[in-house]
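**Student:** What follows is a predicted protein model with its sequence.
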Amino acid sequence: MIAKVIIDVTAASRKKSVFSYEDHDTFIVGRMGDCHVCIDDDGYLSRHHFILEVNPPNARLHDLGSLNGTYVNGKKYGGRTVFETPEEALVKYKFPWVVLKNEDVIKTGDTIFKVVIEKPDLLVKIKCQKCGRDVSTEIGAAGGGTYICENCQKIAENSPFELLQQFLDESKSFHNSPNHSNNSPLKKRGFQADIPFQVSDYDVVKVLGAGVFGAVYLLKHRASGKEVALKLMMPKTSANNILQERFLQETLVARELKHNNLIKYSESGCRNGIFYFLMEYCNFGNMNSMRRGGKIPLTETILSSLQVLEALTYTHMDELVHRDIKPQNILLQLSNGGVTAKLSDFGLAKSFTLAGLSGMTLNGESTASYPFMPREQVVDFKFSKPVTDIWSLGATIYNLLTGEFPRDFSPGKDPLEVILNGAIVPIRSRDSSIPKEIAEVIDRAVQNDPTDRYQHAGEMLSAMRRVWKKKH
């Protein structure tokens, strides 16, 4: 049995609908046609009333600044006065995410939503892969397999060295758990590197970057002196053999892509409950680290963006989508006096999130990608088309040139409400010195409606080349 979250909806007309989720997804209720449950004739509902995120067996609800609020088991969440906008209410009241349990009842006006959470019965105890304590009652452990408890996750998030220590610990072995029969502490996928990866053969030089889901480290091979980057990703939920294999298999796509403007991967695997990826090291930082006064000059930004568009043109030909383009994921390699831009993490965030390994991603714990997220990634969580990358790259170029974002993410504003209802600000409203024709390319890329954007990277590349050539 696999975990499920079922939403049983009964509207005022007594018409019933049932939504069943086995994977990570979102569920929006309101009067707008893009909602999963659209009730356009119910005056109680706001345009986007509430959003529910599911990652079975987890489920959470967030009121989106609705006028009348959302009731869970009779308790009101949200609500505002008629004189307040949803944005103002979200800033003022800071509505929390509500953790949902089996048999909870959600009510909005005359519509009732009954929550049913089904999860497998664990036949043996689940132990934390790091501290070894019994964590069978933690909801994140419900799927069985390897699991790092919530407390150890927080420690690792706050210290990249704690995460690395867990990964390197030779004394660890997989604790017995359902659906996990492989007792090897290290599972590898592929050995394309010049020097096969053995942890003990490398020195850790420094931490290159860290985030909610893991960290990246610079390693140096003792014998050859070759430098490589090691990316570690820590699951927020349990990962049994089947899930580990599925995720690693999906990430093989990144290793098979061969383009000068894509980071090369040599190996991936799972060790001590942590996924790892061995990749080439870029010695000149990333686009985010190159800012001066919050911005990057036009020439540097456009030349790097053209290289990224070259890479995306190559991947979009096969409908392969990155899904997490932002300045931090555009790495820079300095060689022979020139700088080459390389797109990193291709498909990793997408596969990690859609596999449910990221836990809950819309609850405010990880907001670094929000400003670069197109609207359809909230409304249609699994949407993965080239136009999604177009928006994210357009937002990245916009941010590098202006230091601001296409939408106004003011302090205190709920980012989901901004993504759903926020207006796109033309880039020349931020900085009138940006050449008009270049601004037109960027503004088209960040249109809210996917049909109004460039449909693939090749189209945007041709447009950007044309206007850049005119300027030079």
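**Tutor:** Nice, thanks for sending it over.
**Student:** Hmm, Ile28 and Ile39 touching each other?
**Tutor:** No - using Cβ atoms under 8 Å, Ile39 makes no contact with Ile28, being 11.8 Å away. Where you see a C-beta, it was placed from the backbone N, CA and C, and this is true even at glycine.
**Student:** mind listing the strands for the stretch 1-150 of the chain?
**Tutor:** Taking DSSP state E, counting those that start in this stretch, the strands of the stretch 1-150 of the chain run over residues 4-10, 16-21, 25-30, 37-38, 50-55, 58-63, 70-72, 75-77, 98-99, 105-108, 111-118.
**Student:** Buried deepest among those strands, which one?
**Tutor:** Counting by mean count of other Cβ atoms under 10 Å, strand 50-55 has the highest mean neighbour count of the strands of the stretch 1-150 of the chain, with a mean of 27.
**Student:** Give the other helices and strands that it contacts.
**Tutor:** Contacts defined by 3 or more Cβ pairs under 8 Å, 6 or more residues apart in numbering; DSSP states H and E place strand 50-55 against strand 25-30, strand 58-63.
**Student:** Next, Glu319: secondary structure please.
**Tutor:** Put simply, Glu319 is coil when judged by DSSP: H, G, I helix; E, B strand; the rest coil.
**Student:** ok, now how distant is it from Pro386?
**Tutor:** Distance, Glu319 to Pro386, using Cβ to Cβ, to the nearest Å: 7 Å.
**Student:** now do Asn283
**Tutor:** Taken as Cβ to Cβ, the span from Asn283 to Pro386 is 30 Å.
**Student:** More neighbours: those two, which one.
**Tutor:** Per other Cβ atoms under 10 Å, whichever of Asn283 and Pro386 has more neighbours is Pro386, with 24 against 12.
**Student:** does the residue nearest to the spatial centre of the chain sit in a helix, a strand or a coil?
**Tutor:** The centre of the chain sits closest to Ala349, judged by Cα atoms, centre = their mean, with a distance of 5.3 Å. Under three-state DSSP, Ala349 falls in the helix class.
**Student:** same thing with Ser358?
**Tutor:** Classification of Ser358 by three-state DSSP places it in coil.
**Student:** I'd assumed Gly211 was in contact with it.
**Tutor:** No - using Cβ under 8 Å, Ser358 makes no contact with Gly211, being 11.1 Å away.
**Student:** if you count what's nearby, which of these two comes out ahead?
**Tutor:** When Ser358 and Gly211 are compared for neighbours, Ser358 comes out ahead with 22 against 14, by other Cβ under 10 Å.
**Student:** and the more buried one, how far is that from Phe275?
**Tutor:** 11 Å.
**Student:** intersection of neighbour lists for these two?
**Tutor:** With contacts taken as Cβ atoms under 8 Å, 6 or more residues apart in numbering, Ser358 and Phe275 have 235, 352 as neighbours in common.
**Student:** can you list the weak-confidence ranges in the stretch 251-400 of the chain?
**Tutor:** 363-368 (pLDDT under 70).
**Student:** distance of the closest residue to Lys264 other than its chain neighbours from Leu168?
**Tutor:** Computed as Cβ to Cβ, 6 or more residues apart in numbering, the closest residue to Lys264 that is not its neighbour in sequence is Glu280, at 4.6 Å. Distance, Glu280 to Leu168, by Cβ to Cβ: 21 Å.
**Student:** Rounded mean pLDDT for the longest strand anywhere in the chain, please.
**Tutor:** Selection of the longest strand in the chain by residue count, based on DSSP state E, yields strand 202-211. Average pLDDT, strand 202-211: 91.
**Student:** Check which element follows that strand along the chain.
**Tutor:** Next in sequence after strand 202-211, counting helices and strands by DSSP states H and E, comes strand 214-221.
**Student:** Each with direction, which strands does that following strand pair with?
**Tutor:** strand 202-211 (antiparallel), strand 227-233 (antiparallel) (DSSP bridges).
**Student:** With respect to Gly412, which of those lies nearest?
**Tutor:** Comparing the strands paired with strand 214-221 by their distance to Gly412 (Cβ to Cβ), the top pick is strand 202-211, with 22.5 Å.
**Student:** buried stuff in the helix ranked longest in the chain?
**Tutor:** Scanning the chain for the longest helix, with DSSP state H as the assignment, gives helix 298-316. Within helix 298-316, the residues scored as buried using 16 or more other Cβ atoms under 10 Å are 298, 300-302, 304-316.
**Student:** Surely Pro426 touches Val446?
**Tutor:** No - counting by Cβ under 8 Å, Pro426 does not reach Val446; the two are 9.4 Å apart.
**Student:** who's more crowded, the two?
**Tutor:** More neighbours surround Val446 than the other of Pro426 and Val446, with 26 against 15 (other Cβ under 10 Å).
**Student:** can you map out the helices along this protein?
**Tutor:** For the chain, the helices defined by DSSP H cover 86-93, 150-158, 160-168, 241-256, 298-316, 348-354, 376-379, 386-402, 415-421, 427-430, 436-445, 457-471.
**Student:** List the buried residues for the third one?
**Tutor:** Right, the one you point to is helix 160-168. Buried-residue list, helix 160-168, by 16+ other Cβ under 10 Å: 160, 162-164, 166-167.
**Student:** Could you do the second one as well?
**Tutor:** Judged by neighbour count (16+ other Cβ under 10 Å), helix 150-158 contains these buried residues: 150, 152-153, 155-157.
**Student:** could you dump the residues you listed to a markdown table with pLDDT and distance to Leu401?
**Tutor:** Converted to a markdown table, the buried residues of helix 150-158 look like this (pLDDT from 0 to 100; distance: Cβ to Cβ, whole Å):
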| residue | pLDDT | distance to Leu401 |
| --- | --- | --- |
| Glu150 | 88 | 40 |
| Cys152 | 90 | 41 |
| Gln153 | 89 | 36 |
| Ile155 | 89 | 38 |
| Ala156 | 87 | 35 |
| Glu157 | 84 | 32 |
